[in-house]
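Q: Got a sequence here, can you build the structure:
(chains A and B)
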2 protein chains.
Amino acid sequence: MDHDVVLAADIGGTKISAGLVGADGQVHRQSEVATPATGPLLEEAMRELLGSVAEGASPRAIGLASAGPVDPSAGRVSPVNIPAWREFPLLDLVGAIMPGVPSVLVGDGIAAALGEHWLGAGQGVEAMLGIVVSTGIGGGLVLGGEVYLGPSGNAGHIGHVVADPAGPPCSCGGTGCVEAYASGPSMVRWARGQGWTGLDARALSADAGRGDTIALAAFDRGAQALARGIAATATVCDLDRVVIGGGLSAAGEVLFAPLRRHLEGLLTLGYARRLTVVPFGLGRSAGLLGAARSALPTAQFEFPTPA
Amino acid sequence: MDHDVVLAADIGGTKISAGLVGADGQVHRQSEVATPATGPLLEEAMRELLGSVAEGASPRAIGLASAGPVDPSAGRVSPVNIPAWREFPLLDLVGAIMPGVPSVLVGDGIAAALGEHWLGAGQGVEAMLGIVVSTGIGGGLVLGGEVYLGPSGNAGHIGHVVADPAGPPCSCGGTGCVEAYASGPSMVRWARGQGWTGLDARALSADAGRGDTIALAAFDRGAQALARGIAATATVCDLDRVVIGGGLSAAGEVLFAPLRRHLEGLLTLGYARRLTVVPFGLGRSAGLLGAARSALPTAQFEFPTPA
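A: Prediction:
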């Protein structure tokens, strides 16, 4: 195997995936596990996953995408949807697993946006927001044609923009955040409250596709909250495009049709109405590829380096 | 007079000001007029104002800040609060008034943010939002230490972020925008609906300072909407600071105290809570100085040039 590969991992509330990625974006080896619930099991899963993917290869660097918030310069993560990790020293753990290999940390939403801008539905776009709709809702911004990390590395956190200050409580401690309406668990919770009896977000998505009234209403409600967060971001950041991925985006038009309809009513200023909304081009690999991109020497931007 | 000056103008819904500004930010001559209501009077006012300020000087360039939306690359403006100008060719008008002098156009909120970042309360800040609270509500972003215009030149339009989708109609055609709560006319309209009988925003501000219950409630309501727009922007853009100016900001703690209180409840994620909110350091001159800065050869960024 070519030496010019990086080891990339994408850590989310639902699953952790890892892969060996070349400078051309080709994924040479990939593996994933369901995200364990406790700290010790999480560390063990990381050890096994990275070890097995890197086995026999000599990656030149490691790119890590994690659910946020993250502190890239301290190398710590506090993912809202992984309660076992608060101020967890992720880069230290990875340094212990793969000694001597430089590593960088980036928020998973930023990684997904970066991946989509590099090889997916955001190629060549000057101002875009990438959104991952899954267990949580993450996001990342590309501004001026380059990923925008923000001073703390947390730009693009669209899931915790308030959609309705009178809304339901959010896992972040706030009220009425986009995530409290549009994440998988939030949609499922609301649908159950309306009498829907299905198992999970995947079942809700399937039921919506079959025309189930409650499931469709859950997606409409989630799409409306998402539209509010997107409209605020598009108005302030003068966006050209929004690219949407994550498990729930697989619902397709069940999500995208009401989303575009709500945006139509929210975007009133001429410049904001040019916004286009499209699904990820890379599907589930966007975050992994973005994590890889952040660790490749060809990254056109500088990530904060741990002290 | 030193040849190395630029002619700057700041065009708002309430007043138009112009000045000759040196590369060091010193204002050599300044004048202003109330914004006329009709197209012909507006053009005449621009002619007189620019002519009198530039008389005897040879400015090397002209920097124009206008209430938005603006189309910097086409040189046209459609200020929400100047109904007589829709797709108005401002750079053509200025070219006719001052033939042969290159000119650039920038949104007034962006100009104010730029001025504050250059010489005011935003000096050295990496990620900030500048807000002008006046007849309308404009704004501008500085990201990565440089002004961020956006692809269409309209980034930072905080006044038309939706604060409450069930709110009052906005002059932009939308519903519940920050501007529909927090602009001077919006606060006055609401206060009158509650029984307040004062003349204008200045009187409302004075009454609030004296402890008038309705006036205080109007500022609290405006501050809440402003806080929602700021919180969304701080969360997505990972802001360090917000600087606030414009006529209404002169109300001081009557505006800033409820604003900080509402932000306290809205900013839940750790990184977002570092946000500081301060008044403009340059007061009413921020937009004019930012317009000048955009026309100075030392501007570190490129403005779109009219075709």
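Q: contacts, neighbours, all on C-alpha from now
A: Fine.
Q: Where does the residue positioned nearest the centre of chain A sit: helix, strand or coil?
A: The centre of chain A sits closest to residue A:109, judged by CA atoms, centre = their mean, with a distance of 3.3 Å. Secondary structure, DSSP: H, G, I helix; E, B strand; the rest coil: residue A:109 is helix.
Q: How about the contacts made by it?
A: A:67, A:130-132, A:138-140, A:156-157, A:287 (CA atoms under 8 Å, 6 or more residues apart in numbering or on different chains).
Q: swap the cut-off to 7 Å and go again
A: When contacts are counted by CA atoms under 7 Å, 6 or more residues apart in numbering or on different chains, residue A:109 touches A:130-132, A:138-140.
Q: Span of stretch A:179-187 from start to end?
A: This stretch, stretch A:179-187, spans 9 Å end to end (CA to CA, to the nearest Å).
Q: lowest-confidence helix or strand of chain A?
A: One helix or strand of chain A scores below all others by mean pLDDT, DSSP states H and E: strand A:70-71, with a mean of 92.
Q: Mind giving me the packing neighbours of the helix or strand following that strand?
A: Using DSSP states H and E, the helix or strand that follows strand A:70-71 in sequence is strand A:76-77. With contacts defined as 3 or more CA pairs under 7 Å, 6 or more residues apart in numbering or on different chains; DSSP states H and E, strand A:76-77 has these neighbours: strand A:70-71, strand A:88-89, helix A:90-97.
Q: how far does strand A:76-77 sit from the chain's center?
A: 16 Å (CA atoms, centre = their mean, to the nearest Å).
Q: same deal with stretch A:192-200?
A: With CA atoms, centre = their mean, you get 25 Å for stretch A:192-200.
Q: show me what contacts residue A:28?
A: Applying CA under 7 Å, 6+ apart, the residues near residue A:28 are A:20-21.
Q: measure it to chain B for me?
A: In this view, residue A:28 and chain B are 34 Å apart by CA to the nearest CA, to the nearest Å.
Q: Out of the contacts of residue A:109, who's the most crowded?
A: When neighbours are taken as other CA atoms under 10 Å in any protein chain shown, the top entry among the contacts of residue A:109 is residue A:130 (33 neighbours).
Q: Contacts only, for that one.
A: A:109, A:112-113, A:139-141, A:242-244 are the contacts of residue A:130 under CA under 7 Å, 6+ apart.
Q: circling back to that earlier point, least confident of the helices and strands packed on strand A:76-77, on average?
A: Among the helices and strands packed on strand A:76-77, strand A:70-71 has the lowest mean pLDDT, at a mean of 92.
Q: nearest to residue A:198, of the helices and strands packed on strand A:76-77?
A: strand A:70-71 (33.2 Å; CA to CA).
Q: hang on, the earlier thing: most neighbours per residue, which of the helices and strands packed on strand A:76-77?
A: strand A:70-71 (a mean of 26; mean count of other CA atoms under 10 Å in any protein chain shown).
Q: Partner strands of that strand, with direction?
A: strand A:76-77 (antiparallel) (DSSP bridges).
Q: quick one: average confidence on the strand it pairs with?
A: Mean predicted confidence for strand A:76-77 is 96.
Q: Check stretch A:17-24 too.
A: The model assigns stretch A:17-24 a mean pLDDT of 96.
Q: same thing with stretch A:110-121?
A: In the prediction, stretch A:110-121 has an average pLDDT of 97.
Q: same deal with stretch A:194-212?
A: 97.
Q: returning to what we had before: return the subset of the contacts of residue A:109 lying in helices.
A: Using DSSP state H, no member of the contacts of residue A:109 sits in helices.
Q: These in strands, which ones?
A: Among these, the ones falling in strands (DSSP state E) are A:130-132, A:138-140.
Q: What residues does chain A have near chain B?
A: Residues of chain A found near chain B (CA under 7 Å from any CA of the partner chain) are A:126-127, A:150-152, A:154-158, A:161-162, A:164, A:172-174, A:232, A:235-238, A:266, A:268-269, A:271.
Q: Same list, the ones in strands among the contacts of residue A:109, but as JSON lines with pLDDT please.
A: Below are those laid out as JSON lines (pLDDT from 0 to 100):
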{"residue": "A:130", "pLDDT": "98"}
{"residue": "A:131", "pLDDT": "97"}
{"residue": "A:132", "pLDDT": "94"}
{"residue": "A:138", "pLDDT": "91"}
{"residue": "A:139", "pLDDT": "95"}
{"residue": "A:140", "pLDDT": "97"}
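Q: Distance to residue A:201 added to those, as a markdown table?
A: Shown next, in a markdown table, are these (distance: CA to CA, whole Å):
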| residue | distance to residue A:201 |
| --- | --- |
| A:130 | 21 |
| A:131 | 17 |
| A:132 | 14 |
| A:138 | 17 |
| A:139 | 20 |
| A:140 | 23 |
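Q: Just want the residue of the stretch 1-150 of chain A that's nearest chain B.
A: residue A:150 (5.2 Å; CA to the nearest CA).
Q: so where does that residue fall, helix or strand?
A: Going by DSSP H and E, residue A:150 is not in any helix or strand.
Q: and if you look at residue A:202?
A: With DSSP H and E as the test, residue A:202 turns up in helix A:201-209.
Q: Who are the packing partners of that helix?
A: helix A:184-193, helix A:213-237.
Q: Give me the spatial nearest neighbour of residue A:76, chain neighbours excluded.
A: Counting by CA to CA, 6 or more residues apart in numbering or on different chains, residue A:76 lies nearest to residue A:89, which is 4.4 Å off, once chain neighbours are set aside.
Q: show me what contacts the one you found?
A: Counted by CA under 7 Å, 6+ apart, residue A:89 has contacts A:75-77.
Q: Recalculate using a threshold of 10 Å.
A: Residue A:89 is in contact with A:71, A:74-78, A:95, counting by CA atoms under 10 Å, 6 or more residues apart in numbering or on different chains.
Q: In those, find the pair that's most separated.
A: A:78 and A:95 (18.2 Å).
Q: if we can go back for a sec, identify the residues contacting the residue lying closest to the residue of the stretch 1-150 of chain A closest to chain B once chain neighbours are set aside.
A: Ranked by CA to CA, 6+ apart and with sequence neighbours excluded, the top spatial neighbour of residue A:150 is residue B:238, at 5.2 Å. Taking CA under 10 Å, 6+ apart, we find residue B:238 in contact with A:148-157, B:126-128, B:143, B:231-232, B:271-275.
Q: re the thing from before, you'd agree the residue of the stretch 1-150 of chain A closest to chain B is up against residue B:233?
A: No - counting by CA atoms under 10 Å, residue A:150 sits too far from residue B:233 to count as a contact (11.8 Å).
Q: Low-confidence ranges, chain A, go.
A: A:1-3, A:298-307 (pLDDT under 70).
Q: all strands in it, in order from the N-terminus.
A: Secondary structure of chain A (DSSP E): strands located at A:5-11, A:15-22, A:27-34, A:62-66, A:70-71, A:76-77, A:88-89, A:103-107, A:128-133, A:137-143, A:146-148, A:241-245, A:276-279.
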